[in-house]
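Peer 1: dropping a prediction and its sequence here:
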Amino acid sequence: MGCKLWENEDGKPWRKSVKQMSYELLLVSQFTLYGTISKKNLAPDYKNAMKSEPARLLYGQFLEMLGQSHDKIHDGAFGEMMDVQLVNDGPVTIIIESRQVEGNENDC
């Protein structure tokens, strides 16, 4: 919420956050879609994806956490097919990943 990804009134980049801009957030869960391409047969491999119920609970906690600091949040239907259209704005893609917690590799 505090990442400064937008320009300010003077056009200087990386000065304003979602909250400062009063923007809305659209959250689309992809916990169960996390996959890699296997080296063996070059097909999608989902063994590292979180199982559905723990993912649903974690996603709900994430929504609740964001809702405590921002009131313009929308989300889709967890686990459902959704068509989402967006416009990428700018030459930058930022990927935010969480760190792997030791000892929890098999908890999903």
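Peer 2: Everything's here; your move. Residues are numbered from 1 along each chain as shown.

Peer 1: quick one: low-confidence ranges for this structure?
Peer 2: Within the chain, the segments meeting pLDDT under 70 span 31-33, 100-108.

Peer 1: which stretches of it form helices?
Peer 2: 18-21, 52-67 (DSSP state H).

Peer 1: hey, which of the ones you listed is tucked in deepest?
Peer 2: Using mean count of other C-beta atoms under 10 Å, the stretch among these with the largest mean neighbour count is helix 18-21, at a mean of 15. For every residue, glycine as well, the C-beta is placed using N, CA and C.

Peer 1: need the CA coordinates for it. CSV is fine.
Peer 2: The C-alpha trace of helix 18-21 is given here as CSV (Å, rounded to 0.1, in the frame of the first residue of the first chain):
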residue,chain,number,x,y,z
VAL,A,18,-2.1,3.7,-4.2
LYS,A,19,-3.4,5.2,-1.0
GLN,A,20,-2.0,8.7,-1.7
MET,A,21,-3.6,8.6,-5.1
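
Peer 1: no further queries at this time; thank you.
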